Each structure stands twice: as structure tokens, then as C-alpha cells.
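Q: starting from these lines, generate the structure:
(chains A and B)
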Amino acid sequence: MVLLNLFLYFAFGSLITGRFKDSRFSLVITEVVGFFTYYCLFELVCLPMVLRWQPLSRLSHLWAGIVAAVVILSAVLNWKLWKSKLFELSKFLRTHYQFTFLSAVVVVIELVVIIHAYQFTLDAAFYVAEVTTSLETNMLDIYDPYTGMWMDHFEMRYFFQTYPLNDAVMCYLTGIHPLLWTKTIMEAVCILLSNCVSYLIGKRLFMKKVGTKPSEPSEGQNGFFDMGDYFTPYNKIALFLFFSGMLHFFYTTIYTSSAFYTTRTYEGKALVANVVIPVIFWLYLKLLQDHRKNRYWALLFLVSVGGAVLSNSANMLVPASLFVFGVPLFFQKRDKWILIKTALCMLPGILLIISYVAYVKGYYVLYTYPR
Amino acid sequence: MQTLSIEKAGLSYIFQCLELYSGECLYLFLYGIGIIFILWKGRKSEKRTFLYPSLVLLLTVFNPLLPVTVNRFFDVNKEYYRTLWIVPVVPLLAYLAVKFVTLPNRNTNYRNAVFLGFCCIFLGAGTFVYADGYIEQENVYKVPNEVIEVSELIHENALVKYPKAICDFRLHMELRQYDASILLTADRSQYLAVMQGTHQDDQMLEQNQAVNRILDVILKGEEVPKKEFLGYLDQTNTEFVVVEAKNSVVLNYLSRMGLNRVGETEERVLMHYDLKNPIQYELADYSAYW
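A: Numbering: from 1, shown residues only, chains lettered A, B, ... in the order given. The predicted structure follows:
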């Protein structure tokens, strides 16, 4: 199921990255782009159905149809690309066997240790119970996950974060129990995606000098810890993943992003902390390289909308992150369009904050029944 | 951060927040050292990557005025600490470690020593996530077996499809994750408010009186008069009370109130109350809109 999820993101992402004419098709970037595209599209389909009090079963069937159509379309359009990428990937893994081995060890250790552990966290009472409640009642956001009681209006705090509803849809379609889906499958997805983003950041940090294309393994290498001066950029990336993983396991108080990574991995907040914000940082690095490339700005906008689907925390954190990285970009490049584009990317989060504040102040209520 | 208040702490909020956020971890301190190193010795690209965003962070996220100002418009007491997630602590520290380990023209001894040095620094500067012990999952659902057993017991003894229960804290938080056909008497915030003695305004107190009083019994062992207590159970339609087996005070009280012991697990006892007018809970019918 983890692989199925990754394949779906890959198919969604291929529709976008497969159309990029001026750059190589990247599996990891496609995966990350696909993840955000998947959830943005789900939001577009899900929200009208929630507002129209439609059942989970109907949303599930509709979503299954859309996903099937996207996968088929993507396969038709990108088949040759996928095939060539598969050959390229297998060659890459063989050529960069040290990187492959070290990265795989790091990721597998993270997966086994984190997924195998039992954690008691309060927010699971919402994030997981929201999924079980949707399945039990065959409705969307109508019943209180904490108690199971009917609610007369939608709780706007969680209204736009449809990530748990996607979990419910997938549980409905596959018959997998929500606890297994959220705390094992989506946990694994979060860990893998987070490592994908760390890989992208590492790649940007260690492969940006002129002439540092991935070098072939040199003769005379004596092993993984005896590399002498044979550190290829990819070996550096593997080491980067190793240190990042280590820091995640030790940067632990109940508040840190690393704690969410290791103990609350199934929550949307963990994805915001360990995927969304690092992706914004990675895009900042890409924009430092070429801030005029509209593709990166479009991705930033996609991440900004997609983040809000994962957790309402993103409504505050995504605009804040965009500001933190947008301002230095502007001062370095001195291009007023940077400020305009940054502001545009901040807009979804800001609008959602305003909508929530308006709800809290009593300006509007969305009822769960006709009035 | 439930324990901190921006109104009370004022400009010192950010420092208290940083203290709680970091706990015994020194990584933010190491991040600061890393930034100073880059300022002093870093290449231009390193400054662009890490230093300049850190300056903006210093003026915004770390600025004592910001939480105070923002809190005037939105209540960010509980969430402000999350802005610290933006600080690229992990990427910077991992980057510097790799940079020093892989410096060109160094021999293997140097690399091994630096590698071990960084490992020691990172291990020493943090708190291992499983420092209090690694608890293995008991089953594929990743909830204690007790949750599954109690859920089965409730259904075995329930007369309705959607029985309602109130449980000890941990079970209460996990029961509906496993089985959403069991309704719960108290929601999370109500439960926490009673448990932590958090202030509830008069309107809330009036609305929640029945649930609050039942929780007073379960959590604090208060002995509410029989008529009053059973009235609260009837009012909230609570059929089952699940209590830890070691909590003999509450168990004795519940027995005296006339609740029947209908099942037990290794750690918990399931008490049943015969509701005077049990309300059959039914899901709302939306089929007219489908």
C-alpha cells in the first residue's frame, strides 16, 4: 500500500514534471510534486461533497474514478518517460551503490524503528478518530470524532484540512482499518517523502559547484567508511541523510518538528513540519539559482495550497516560511516580482486564516443541515 | 504550549517559549554557532543559503515583539512555537557535519575522527526520543490490546448498536480510534479541562455540568450523591463506565451506586448502568440529499 501511494503521487506528478521540456525528468521531484498535486485535487473534489452532505461512499467511488483516469492518462502520456527512467534508475542504483546502500540503511532503520513503536498522543483522538468516524457513519465531517455525536455545523478549524478524509476514502476503498492505514502506511509515506525532500536539499547543497556532476566510483575504494578523498556528491548526500536522521531521533521535546517526525508521524502537522517547510526551503535554494523560473513559483503555489490540505497549521506556517525565505531572496536578486510572487503564494494561507477568524468571530457558520 | 501565556509573559514570551521548545536539547544553540561560523568563514553560497534567512528569522520569529503583536489579532498562545519549525536546524547541522567530514585532502583518520566527533556532539546535545524506553506496538493497530478487549466487551454487553461510554483518560483517547461505533460521553477538551482544572466560563460550566461531575468521580474519586450521579448518567445516556482495576476507590463507589461489573481485562473493569430511559442513537438521515 505504501508503494501504491507512492505510485499514485508519481502518476499525478508525472503529468506536471513530464511536461517540463528544459530539464531532466526527476523521479524524486515528480514524487514530491505529485504528492501536493494529489492532495490539491482531492481538496477540489472533496470540499463540495462535504458542503453538500454527500456520503463517504460516493466520494470514494468518485475519487477512485478520478485517480484511475489520472493514472491511465499519465501512463499514456508518460509511458516512454517512465520506461527510460526505470532503466536510468536501475543503472543509477548500480553505479552509485554506496549511496544506494547507505541511504537505504538510513531510511529502513527510520521506518522500522518509528513504525514499530507505540506512541500515545492526544491528537490521534482527532486525526485517526476522524477517519474511523467517517467510515462508521459513511459521512464527511458531520459527526464529532471525539464523541461520535452529530454536529449541527462544520468545525471550520478542520474544514479545509481534508487529509484525514483522504485517509477515510482510501480505507473505504481498500478495506484497511484506519489505525493500520494512518499509523503504519501513512507514517511510512511521511518518512519516505521527508527523506525525498532531504535528498533534494542535499543534492542542491552538495552538487552545485561547477563540475561536480556525480562522479563514477573510483578504483581503490576500500569500503564505506574508508573513502579517503573519494567522496562523491552522492556519498555526501547519503551522509547528509544519515546526520539528518540522527538529529531527528535526538532533537526531542514534545514541540520540535523532529518529535513530530518520530512520534506523531501520521498527523498532517508532521507532514507540514517535515515535508512542506523543507520543500519551501528547497525551492528557496532553487530560486537562488534562477529566480525567474516561473515553474518554481508555480510549485511554491502548489505547496502553499497543498500544505493547507494537510493541516491547518500550514495556514500560518506556510506564509511565515515564504516570508522568511522570500525577503532574503528579494534583497539578493533585487527584483520586485519576487515580492509580488511571494505575496501571491502567501495568499491561500492568509485567506484561510481570515476565513477561520471570521468563523470564530461569528460572521458565518456552515450548517450540516438545510436551513 | 498550553502552559505559556503571551499576555502574562509579554516580551519574555519568546525566551520562555525557546526554553520549553528546546528542553535539554542544545541544537538551537549549535545552530547559532553554525550561523556565526558561516558569517565568519562561510562561502558566499553558504551565506545565501543559511545566513540571510537566519537574519530574517532573527527579526521575525525570534523577535520578542512579534508574538505579542500577532497575539493582539489572533490567539497564537498554543501555536506560536510551531514557527520555530521554519528554522533550518537539521539541514544546517547536517550540512556542516558533512562538510567537515568530507573536506578535501584529508586522510582517513581525520575523517573518522571528525565523523565520530560530530556523532558525539549530536548525541550529547540532544535527548534520545526513546530515552524513557522503547515501547513496542502490541498489535498491528498500534493501540494497546486492552483497547480492543474493552471495545469487544462493551459490544458484548450493549443492548444498542451505538453504546455510550466514559473511560479512564488513556482509554478514552484511544477507544474511538479503534472503534467509532462506541460513543463517548466527554470530548477531549472537556476531559482535559476537568483533569487539569482549567477554567471553564459559566456558560460552559452549565452546559457541561453533567459530564464534569461524572469526570470528577472518575478522575478525582469524588463521591457525588447517588441520585445526582445516576441522574447525570441518565442525562448523558452513559451506559458504560470503564475504570482502571487499580482504582478501587472509584470501583467501590460505582458498585455502591448500583452499577454492575460486567467484564474485566487485565487492567480495567467495565461497569454497566441500566439507563432509565435509554435513547437509541441513530445516525442522521441525509439520503434525501444524495
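Q: which stretches of the stretch 151-300 of chain A form helices?
A: A:156-159, A:163-174, A:178-180, A:187-206, A:233-250, A:257-263, A:268-271, A:277-289, A:294-310 (DSSP state H, counting those that start in this stretch).
Q: before we move on, what about the stretch 151-290 of chain B?
A: B:169-178, B:188-196, B:202-207, B:209-220, B:226-236, B:248-256.
Q: deepest in the core, which of the helices of the stretch 151-300 of chain A is it.
A: Sort the helices of the stretch 151-300 of chain A by mean neighbour count, taking mean count of other Cβ atoms under 10 Å in any protein chain shown, and helix A:268-271 sits at the top with a mean of 27. Placement of C-beta: from N, CA and C, glycine included.
Q: mind exporting the C-alpha coordinates of that helix to CSV?
A: Taking C-alpha atoms only, helix A:268-271 is exported to CSV below (Å, rounded to 0.1, in the frame of the first residue of the first chain):
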residue,chain,number,x,y,z
GLY,A,268,-0.9,16.3,9.0
LYS,A,269,1.3,18.5,11.2
ALA,A,270,4.2,16.1,10.9
LEU,A,271,3.9,16.5,7.1
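Q: give me the contacts around it.
A: The contact list for helix A:268-271 (Cβ atoms under 8 Å, 6 or more residues apart in numbering or on different chains) reads A:123, A:127, A:161, A:163-164, A:190, A:193, A:260-261, A:264, A:310-311, A:313-314, B:82.
Q: repeat for stretch A:272-284
A: Stretch A:272-284 is contacted by residues A:32, A:35-36, A:190, A:193-194, A:197-198, A:200-201, A:204, A:257, A:260-261, A:296, A:299-300, A:303, A:306-307, A:310-311, A:313-314, A:317-318, A:321-322, A:325, A:329, B:53, B:82, B:85-86, B:88, B:91 when judged by Cβ under 8 Å, 6+ apart.
Q: same check, this time on stretch B:118-131
A: By Cβ under 8 Å, 6+ apart, stretch B:118-131 touches A:117, A:243, A:246-247, A:249-253, A:258-259, A:262-263, B:23-27, B:29-30, B:93, B:97, B:100-101.
Q: how long is it from one end to the other?
A: Across stretch B:118-131, the terminal residues are separated by 20 Å (Cα to Cα, to the nearest Å).
Q: so for it, what gets flagged as buried?
A: For stretch B:118-131, the neighbour count (16 or more other Cβ atoms under 10 Å in any protein chain shown) marks B:Phe118, B:Phe122, B:Ala125, B:Gly126, B:Thr127, B:Val129 as buried.
Q: got the residues you listed as TSV, with secondary structure and pLDDT columns?
A: Putting the buried residues of stretch B:118-131 into TSV (DSSP: H, G, I helix; E, B strand; the rest coil; pLDDT from 0 to 100) gives the following:
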residue	secondary structure	pLDDT
B:Phe118	helix	96
B:Phe122	helix	95
B:Ala125	coil	94
B:Gly126	coil	93
B:Thr127	coil	93
B:Val129	coil	93
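Q: which of the residues you listed lies closest to chain A?
A: B:Gly126 (3.0 Å; Cβ to the nearest Cβ).
Q: contacting residues for the residue lying closest to the closest one once chain neighbours are set aside?
A: Closest residue to B:Gly126 apart from its sequence neighbours, by Cβ to Cβ, 6 or more residues apart in numbering or on different chains: A:Phe250 at 3.0 Å. Residues counted as contacts of A:Phe250 (Cβ under 8 Å, 6+ apart) are A:Ser258, B:Cys25, B:Phe122, B:Leu123, B:Ala125, B:Gly126, B:Thr127, B:Phe128, B:Val129.
Q: and of the residues you listed, the nearest to B:Arg111?
A: Nearest to B:Arg111 out of the contacts of A:Phe250 is B:Phe122 (Cβ to Cβ; 16.4 Å).
Q: which residue packs closest to A:Val33, ignoring adjacent ones?
A: A:Gly13 (4.2 Å).
Q: near the one you found, how many other residues are there?
A: The number of residues packed near A:Gly13 is 25, by other Cβ atoms under 10 Å in any protein chain shown.
Q: that one and A:Glu31: what is the separation?
A: 6 Å (Cβ to Cβ, to the nearest Å).
Q: winner for burial among the helices of the stretch 151-290 of chain B?
A: helix B:169-178 (a mean of 23).
Q: now do stretch B:173-182: everything it contacts.
A: Taking Cβ under 8 Å, 6+ apart as the rule, stretch B:173-182 contacts A:120, A:122, A:124-125, A:128-129, A:132-133, A:135-137, A:145-148, A:178-179, B:141, B:143-144, B:147-148, B:150-151, B:154-155, B:161-165, B:167, B:184, B:188.
Q: actually stretch A:103-122, not the one I wrote
A: Taking Cβ under 8 Å, 6+ apart as the rule, stretch A:103-122 contacts A:183-184, A:187-188, A:191-192, A:195, A:199, A:237-238, A:241-242, A:245, A:248-249, A:261-265, A:267, B:130, B:134-138, B:142-144, B:170, B:173-174, B:188, B:192.
Q: how about stretch A:314-334: buried residues?
A: A:314-330.
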